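1. Take a look and give me a structure for this.
(one chain, ligands or ions: 3)
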Amino acid sequence: MTDRFRLTLAQLNATLGALDENAEKAFAAWEAGRAARVDLVMLPEMFLTGYQTQDLVLKPAFLRDAMTAMTALAARLGEGPVLGIGGPFADASGIYNAYWLLAEGRVIARRLKRALPHEDVFDEMRLFDPGPLPEPVVIGAARIGLPVCEDAWHPEVAQALAAAGAEMLFVPNGSPYRRAKLEALRLPVTRARVAETGLPLVYLNMLGGQDDQLFDGASFVLDREGAVVVQLPAFEEAVVHVDFEKRQGEWQPCSGPVVPQPGDLEQDYHAMVLGLADYLGKSGFKKAVLGLSGGVDSALVAAIAADALGPENVHCVMLPSRYTSRASLEDAAAAARALGCKLDTVMIEESRHAVEGALAHVFAGAAADVTEENIQSRLRGVMLMAISNKFGAMLLTTGNKSEVAVGYCTIYGDMAGGYNPLKDLYKTRVFETCRWRNANHRPWMKGPAGAAVPVAIIDKPPSAELRDNQKDQDSLPPYEVLDAILERLVEGDQSVAEIVAAGFERATVKRVEHLLYISEWKRFQSAPGPRLSTRAFWLDRRYPMVNRWRDRS
Ligand SMILES: Nc1ncnc2c1ncn2[C@@H]1O[C@H](COP(=O)(O)OP(=O)(O)OC[C@H]2O[C@@H]([n+]3cccc(C(=O)O)c3)[C@H](O)[C@@H]2O)[C@@H](O)[C@H]1O
Ligand SMILES: Nc1ncnc2c1ncn2[C@@H]1O[C@H](COP(=O)(O)OP(=O)(O)OP(=O)(O)O)[C@@H](O)[C@H]1O
Ligand SMILES: NC(=O)CC[C@H](N)C(=O)O
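-> Ligands and ions are numbered 1, 2, ... in the order given. Got it, this is the predicted structure:
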């Protein structure tokens, strides 16, 4: 019997619902594995359908199509390696998140996910039935255990597989990105399985953006001591062959490429770029349009869009009003120039007069207030959506997490747009991210190297410029204070008393808490954006819109 085993890790980007395209990618990976004479080619969890399918798996026609596509894929496989690929399976007993093993024209085995995640972005208990405790599968010279993603996050399945004679654990995953997840969660969790079972472990993750979620890849192989001997890149596709040798009766993975992982700022930036590229690309858009105000948020969104789509596909529009400063006009021009994006100017003064004139008899006697500010914002939304309609470019909206948290944005105004790259990035991180992008350039960025966000834009105080001399800080606490309080309230779930005890002014904490709760409805109507943090607005944090409770601590 041979003492070698060869595995192909196919860390590839699937598109949800594109069954034929995904099958084609899987087949190409299988061909690459066959050429490299491997024993098994692995694709991630639910690769055939894309992930997460949500309620689509409850639709019988979709399930039928997915299972038909799976057997069709099996039928294409001639002599060569086994192909492991995730996809749904349904029979009279239920609907399962399954891992399929295909070889020589047929389905040779299936393993059904047992541990169904039901926290943060996951609702799998609502969608799938739990599988039975699995048996290992014999492939080539090895007995392999195949825990499916969450199965490996708890001891039960891995221990049962080890007890049943598994010699290695190969884990297909659909593990969504959040900042520093590899070091903070994936490595400790999988090392615990290695320690409990004494088996080497392969962690293969999905790649790509799906709605708000990003699958970052970053797949790895752990030896029996829990050391990383192979590490694939984050946010990039990779097909890598890994060798295993049997020594003194035990399988050990051989060392392979260990790609250094990016720091937090780069991870988030790459997540925002891939998130935008995939949300637009997979929805059929090649171009984006955005309002470029000369402020830092829209300048960063323009840089992300240029890096994702290429500067030639990003249309920036300056929409000045009488409150727009000369500096803003210059800064917007400099930002577009730095990226090489087209910049148009569309005046909103005349339309503003027209709208205010039309409303004058209705508003007679009422003092000017935020209403007039919001009209400007909404007129920009009208103009930008017209440009979107005319040229088929998706409008990007630019509110950062601090603004989205406290509702510092105009509904149907600057909130108009199909995708918001900054939705989960606090304002203080917006500044840091601009500085990081200005100092770093990577091959995956389609925009130019150098100061993508002009320094003058990063250094000036933020202003919505909806009235004379307006500054964000007139309405909000300084962003350092606001973000620190928000992070404690949102990510930390801290009480008001705990935040006050940490040194923040009680009145400010109560105000931020109030703004956070009264803006829930605005977030419900807001564009999606990439999930970066441990508590993104949408599925990680599901709060009621009507809610009179306030923390009295
Ligand atoms: N619970 C609820 N459920 C459903 N709808 C609700 C609601 N509460 C209020 N509303 C509705 O929402 C309206 C108030 O919301 P909205 O119209 O957005 O207006 P509002 O939130 O009052 O004002 C927008 C704020 O965003 C600021 N801002 C900051 C940065 C940029 C921009 C910009 O526009 O560029 C704006 C602006 O200075 C102002 O302070 C109410 O008139 C009411 O119709
Ligand atoms: N004069 C303008 N021209 C074009 N777009 C604008 C203009 N003013 C606002 N916008 C759009 O509305 C968004 C909200 O902008 P605003 O300046 O009011 O707040 P902000 O959060 O400080 O954003 P920024 O930092 O981009 O200015 C901007 O990011 C931009 O997309
Ligand atoms: N797809 C899953 O089962 C997810 C498992 C795990 N909670 C993760 O985020 O990686």
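2. Return the set of buried residues in the lengthiest helix in the chain.
-> Counting residues, the longest helix in the chain under DSSP state H turns out to be helix 370-391. Within helix 370-391, the residues that qualify as buried by neighbour count (16 or more other CB atoms under 10 Å) are 372-381, 383-384, 387-388. All C-beta atoms are positioned from the backbone trio N, CA, C, and that covers glycine.
3. Would you list the strands that the helix or strand just after that helix pairs with, along with their directions?
-> Next along the chain after helix 370-391, taking DSSP states H and E as the criterion, comes strand 393-395. Based on DSSP bridges, the strands next to strand 393-395 in the sheet, each with its direction, are strand 287-291 (parallel).
4. dump the residue contacts of whatever residue of the stretch 201-350 of the chain ends up closest to ligand 3.
-> Per CB to the nearest ligand atom, the residue of the stretch 201-350 of the chain with the smallest distance to ligand 3 is residue 205, at 8.0 Å. Residues in contact with residue 205, defined by CB atoms under 8 Å, 6 or more residues apart in numbering, are 11, 44, 173-175, 215-219.
5. Kindly report the same for residue 532.
-> Residue 532 makes contact with 177-179, 268, 271-272, 424-425 under the criterion CB under 8 Å, 6+ apart.
6. a markdown table please, covering these and showing distance to ligand 1, neighbour count and pLDDT.
-> Compiled in a markdown table, the contacts of residue 532 are given as follows (distance: CB to the nearest ligand atom, whole Å; neighbours: other CB atoms under 10 Å; pLDDT from 0 to 100):
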| residue | distance to ligand 1 | neighbour count | pLDDT |
| --- | --- | --- | --- |
| 177 | 28 | 26 | 98 |
| 178 | 27 | 24 | 97 |
| 179 | 25 | 16 | 97 |
| 268 | 22 | 25 | 98 |
| 271 | 24 | 25 | 98 |
| 272 | 20 | 29 | 98 |
| 424 | 18 | 28 | 98 |
| 425 | 16 | 26 | 98 |
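7. Quick check: next helix or strand after the helix or strand containing residue 456?
-> For residue 456, the element it lies in under DSSP H and E is helix 455-459. Next helix or strand after helix 455-459 toward the C-terminus (DSSP H and E): helix 472-475.
8. correct me, but residue 513 touches residue 550?
-> Yes. The pair residue 513 and residue 550 qualifies as a contact (CB atoms under 8 Å) at a distance of 6.7 Å.
9. one step back: in helices only, show me the contacts of residue 532.
-> Residues of these located in helices (DSSP H): 268, 271-272.
10. want to try CSV for the residues you listed, with distance to ligand 3 as columns?
-> CSV is the format used below for these (distance: CB to the nearest ligand atom, whole Å):
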residue, distance to ligand 3
268, 17
271, 15
272, 19
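11. what's across from residue 89 in the sheet?
-> With DSSP bridges applied, the residues forming beta bridges to residue 89 are residue 96.
12. can you list the residues of the stretch 451-553 of the chain near ligand 2?
-> The stretch 451-553 of the chain has residues 462, 464-465 near ligand 2, with proximity defined as CB under 6 Å from any ligand atom.
13. quick one: contacts for residue 128?
-> If a contact means CB under 8 Å, 6+ apart, then residue 128 has 57, 88, 94-97, 113, 116 as its contacts.
14. farthest pair in the residues you listed?
-> Maximum pairwise distance in the contacts of residue 128, criterion CB to CB, is 12.9 Å, between 88 and 116.
15. Count the residues that sit near residue 342.
-> By the measure other CB atoms under 10 Å, the count of residues near residue 342 is 14.
16. Going forward, count from 787.
-> Renumbered: residue one is now 787, and that last one reads residue 1128.
17. Residues in a beta bridge with it, which ones?
-> residue 1101.
18. quick revisit: quick check, nearest of the contacts of residue 914 to residue 924?
-> Nearest to residue 924 among these: residue 899, at 20.6 Å, using CB to CB.
19. what about the closest one, distance to ligand 2?
-> Plainly put, residue 899 is 42 Å away from ligand 2 if you go by CB to the nearest ligand atom, to the nearest Å.
20. re the thing from before, joint contacts of residue 874 and residue 902?
-> In terms of CB under 8 Å, 6+ apart, residue 874 and residue 902 are both contacted by the residues 883, 914.
21. Now tabulate the buried residues of helix 1156-1177 in JSON lines and tack on distance to residue 970 and pLDDT.
-> Formatted as JSON lines, the entries for these read as follows, by distance: CB to CB, whole Å; pLDDT from 0 to 100:
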{"residue": "1158", "distance to residue 970": "47", "pLDDT": "95"}
{"residue": "1159", "distance to residue 970": "41", "pLDDT": "94"}
{"residue": "1160", "distance to residue 970": "41", "pLDDT": "97"}
{"residue": "1161", "distance to residue 970": "45", "pLDDT": "97"}
{"residue": "1162", "distance to residue 970": "43", "pLDDT": "97"}
{"residue": "1163", "distance to residue 970": "38", "pLDDT": "97"}
{"residue": "1164", "distance to residue 970": "42", "pLDDT": "98"}
{"residue": "1165", "distance to residue 970": "44", "pLDDT": "98"}
{"residue": "1166", "distance to residue 970": "40", "pLDDT": "98"}
{"residue": "1167", "distance to residue 970": "39", "pLDDT": "98"}
{"residue": "1169", "distance to residue 970": "43", "pLDDT": "98"}
{"residue": "1170", "distance to residue 970": "38", "pLDDT": "98"}
{"residue": "1173", "distance to residue 970": "42", "pLDDT": "98"}
{"residue": "1174", "distance to residue 970": "38", "pLDDT": "98"}
